[in-house]
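S.K.: the sequence and its predicted three-dimensional model are supplied below.
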Amino acid sequence: MRGQNYSLWSLLKHGFKNHQTWEPAWERVALKPSYDVVIVGGGGHGLATAYYLAKNHPQVGRIAVLEKGYLGGGNTARNTTIVRSNYLWDESAAIYEHSLKLWEGLTEDLNFNVMFSQRGVFNLGHTLQDMRDIERRVNANALQGIDAHVLNAREVKEKIPQLDCSRSRRYPVLGASWQPRAGIAHHDAVARGFARAASRLGVDLIEGCEVTGMDISGGKIRGLQTNLGMVKTERVGCVAAGHSSVLAKMAGLRMPLESHPLQAFVSESMQRVIDTVIMSNAVHGYLSQSDKGELVIGAGIDSYLGYGQRGSPHVIEHTAAAIIELFPQFSRVRMNRQWGGIVDVTPDACPIISKTAVQGLFFNCGWGTGGFKATPGSGHVFADMLAQGEPNALARSFSVDRFHTGHLIDEHGAAGVAH
Amino acid sequence: MFLLHCPHCGETRDEEEFSNAGEAYIPRPLQPEAVDDATWGDYVFMRRNTKGWFWEQWQHTAACRKVFAVKRNTATYEIAGTWTLAEGKALFLADMAKEQTK
């Protein structure tokens, strides 16, 4: 393994030299003419794939990650950093729980503080039907071995005193589901941690390298055309989130994906007011507070297709209205920044981790509005697929074939607004 | 925020009056009972999801409730025009023919 380890000792050592002696976290290398495996997309999922591939399957050989912008600059930098695993169906709950377990040891594993904070997630119920859905999901989670609890309005009020749980509200809080092990992490830290760890294992991370075409002959992938020249390879993993359809088109494939803008915003930094994550499907918004003290707020996607990383202002207005409905005391909080990411949404709100009709070409996409929480799990299972050519037990249900066989995994209820 | 011209009402209105109704002109298999699962799955689920000029449907939900065709650039968000579904189809087919000859 190359590069330095981060520890109290290294902090002291470099501290005495005024921190002028730290090596760069990852190595800048030039694109080589051929690789054994190329991962297209240098966001959290792509970097996690590269890391687990190099760590768990070193026999695959030379690995490169091609990123058209900078590492972790797409959706990884544009999400609301919520991590949870309380999904309804066994297939999706299993993969998100696998991911959550990896999150729990990620800082030690990567030797990089990803600031994973298990502060719990509340999904509020405002109607009788909401509460029935919550009970069903919590019961499913209990059977899946995932921590989940149903709380009534009084218990919610005890845990979140700032929330008005009285019956006089327009959308009264009747209760909530609560996953105590859920929480938030630091988005940039995750990308940088995986990038550094992958680079230390010898993965080439190439920034500013956009794939412009694919060389396919005899039903097999032979190489990629990029703005930095040709790359020969017989195994390609596409982890391009919103741009997956663009890559699929280069291979003559169509995906059941629609790329929508998803907007979010943060407030100015404030003292600690919220120590957990609160989501509401019915009022349609969610909120947490970052370690810096900003309120991190998000809601639903814009209805139309868009690659422009921006959406329509009325969606922001609806989101702000939803948050003020839940927390009227935030009505005079000033907003600092607003942005949009491009999310690749599937018809069943579940990801696609799949082989394709082209031999050697694999896709990991369709994580839609909730990909951040899956970062380590997604990378872990996709690394297995790239190494073995076949999905492992966790990824098997997420083949693109399910849109032909009809075995969809409908997670709209658990995904909903609640990313 | 888009301003969309409804070809049925003849009015240019704010996006909030409309609902996006997805990709336009997806051909339904002529004999649904006869096609295999792959063809039917492709029809129901697979999408172009084009980056660039794209034909889509919008419904004027807050007024006439009719659906019409819009040609919009999904990367720059420019709108080339709006037509009734029947008027738009000929232009859409011409665009597709142009793309194929490329």
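M.R.: That came through fine. Every value quoted in this text rests on a predicted model; they were computed, and no experiment measured them.

S.K.: check contacts around the residue of the stretch 1-150 of chain A found nearest chain B.
M.R.: Proximity of the stretch 1-150 of chain A to chain B (Cβ to the nearest Cβ) peaks at A:Lys68, 12.6 Å away. (Glycine included, C-beta is placed from N, CA and C.) Under the criterion of Cβ atoms under 8 Å, 6 or more residues apart in numbering or on different chains, the neighbours of A:Lys68 are A:Gly208, A:Cys209, A:Glu210, A:Val211.

S.K.: the residue nearest to A:Val400 when sequence neighbours are not counted pairs with what?
M.R.: Distances taken as Cβ to Cβ, 6 or more residues apart in numbering or on different chains place A:Ser354 nearest to A:Val400, at 4.2 Å, with adjacent residues excluded. Judged by DSSP bridges, the bridge partners of A:Ser354 are A:Phe363.

S.K.: can you give me the neighbour number for A:Gly377?
M.R.: Residues near A:Gly377, counting by other Cβ atoms under 10 Å in any protein chain shown, number 25.

S.K.: no wait, A:Val236
M.R.: With other Cβ under 10 Å as criterion, A:Val236 counts 27.

S.K.: ok, now which ones touch it?
M.R.: So A:Val236 contacts A:Val37, A:Val38, A:Ile39, A:Val40, A:Met214, A:Ile221, A:Leu224, A:Gly360, A:Leu361, A:Phe362 (Cβ under 8 Å, 6+ apart).

S.K.: so which of those residues is the most crowded?
M.R.: A:Ile39 (33 neighbours).

S.K.: each with direction, which strands does whichever strand or helix holds that one pair with?
M.R.: Following DSSP states H and E, one finds A:Ile39 within strand A:37-40. With DSSP bridges as the test, strand A:37-40 is paired with strand A:63-66 (parallel), strand A:236-238 (parallel).

S.K.: now distance to B:Asn20 too, for those, in a markdown table please.
M.R.: A markdown table is the format used below for those (distance: least, Cβ to Cβ, whole Å):
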| stretch | distance to B:Asn20 |
| --- | --- |
| strand A:63-66 | 32 |
| strand A:236-238 | 26 |
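
S.K.: mean pLDDT for the ones you listed - can I get that in JSON lines?
M.R.: What follows is these, written out as JSON lines (pLDDT from 0 to 100):
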{"stretch": "strand A:63-66", "mean pLDDT": "98"}
{"stretch": "strand A:236-238", "mean pLDDT": "98"}
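
S.K.: residue contacts, the closest residue in space to A:Pro261 that isn't next to it in sequence?
M.R.: Spatial nearest neighbour of A:Pro261, excluding adjacent residues (Cβ to Cβ, 6+ apart): A:Gly311 at 3.8 Å. With contact taken as Cβ under 8 Å, 6+ apart, A:Gly311 is in contact with A:Pro261, A:Leu262, A:Gln263, A:Ile301, A:Asp302, A:Gly340.

S.K.: for the residue sitting furthest away from the middle of chain B, helix, strand, or coil?
M.R.: Centroid-distance maximum for chain B: B:Ala34 at 26.4 Å, with Cα atoms, centre = their mean. Secondary structure assignment for B:Ala34 (DSSP: H, G, I helix; E, B strand; the rest coil): coil.

S.K.: check it and give its pLDDT.
M.R.: At B:Ala34, the model reports a pLDDT of 95.

S.K.: regarding chain B, what is its longest helix?
M.R.: helix B:85-101 (DSSP state H).

S.K.: check which helices and strands it sits against.
M.R.: Secondary-structure packing of helix B:85-101 (3 or more Cβ pairs under 8 Å, 6 or more residues apart in numbering or on different chains; DSSP states H and E): strand B:53-59, strand B:67-73.

S.K.: can you check which of those strands gets nearest to chain A?
M.R.: Ranking those by proximity to chain A (Cβ to the nearest Cβ) places strand B:53-59 first, at 6.3 Å.

S.K.: does the closest one come close to chain A?
M.R.: Yes - contact of strand B:53-59 with chain A (Cβ under 8 Å from any Cβ of the partner chain) involves B:Phe54, B:Glu56.

S.K.: follow-up on the earlier one: toward the C-terminus, what is the element adjacent to the strand holding A:Ile39?
M.R.: Later in the chain than strand A:37-40, the nearest helix or strand by DSSP H and E is helix A:44-56.

S.K.: host element of the residue nearest to B:Gly52 when sequence neighbours are not counted?
M.R.: In space, and not counting its chain neighbours, B:Gly52 is closest to B:Ala75: 5.7 Å by Cβ to Cβ, 6+ apart. Secondary structure from DSSP H and E places B:Ala75 outside every helix and strand.

S.K.: since we're on A:Arg334, how many residues are nearby?
M.R.: 7.

S.K.: ok, the residue lying closest to it once chain neighbours are set aside - how many residues close by?
M.R.: Nearest non-adjacent residue to A:Arg334, counting by Cβ to Cβ, 6+ apart: A:Glu268, 5.1 Å away. Residues within reach of A:Glu268, counting by other Cβ under 10 Å, total 12.

S.K.: surely A:Glu268 and A:Glu294 touch.
M.R.: Yes - if you go by Cβ atoms under 8 Å, A:Glu268 and A:Glu294 touch, sitting 7.0 Å apart.

S.K.: identify the contacts common to these two.
M.R.: A:Asn336.

S.K.: contacting residues around residue 45?
M.R.: All of this is about chain A. Per Cβ under 8 Å, 6+ apart, neighbours of A:His45: A:Val239, A:Ala241, A:Asn364, A:Trp367, A:Gly371, A:Ala374, A:Thr375, A:Ser378, A:Gly379, A:Phe382.

S.K.: please refer instead to chain B.
M.R.: B:Phe45 touches A:Pro256, A:Pro347, A:Phe403, counting by Cβ under 8 Å, 6+ apart.

S.K.: how close does the nearest residue to A:His187 once chain neighbours are set aside sit to A:Ala264?
M.R.: Spatial nearest neighbour of A:His187, excluding adjacent residues (Cβ to Cβ, 6+ apart): A:Thr81 at 5.1 Å. Distance from A:Thr81 to A:Ala264, counting by Cβ to Cβ, to the nearest Å: 10 Å.

S.K.: those two: which has the busier surroundings?
M.R.: Higher neighbour count among A:Thr81 and A:Ala264: A:Thr81, with 24 against 21, using other Cβ under 10 Å.

S.K.: quick check: pLDDT value at that one.
M.R.: At A:Thr81, pLDDT is 96.

S.K.: that one contacts A:Gly183, correct?
M.R.: No - under the criterion of Cβ under 8 Å, A:Thr81 makes no contact with A:Gly183, lying 9.0 Å away.

S.K.: now, of the helices and strands packed on helix B:85-101, which is deepest in the fold?
M.R.: Stretch with highest mean neighbour count among the helices and strands packed on helix B:85-101: strand B:67-73 (a mean of 21; mean count of other Cβ atoms under 10 Å in any protein chain shown).
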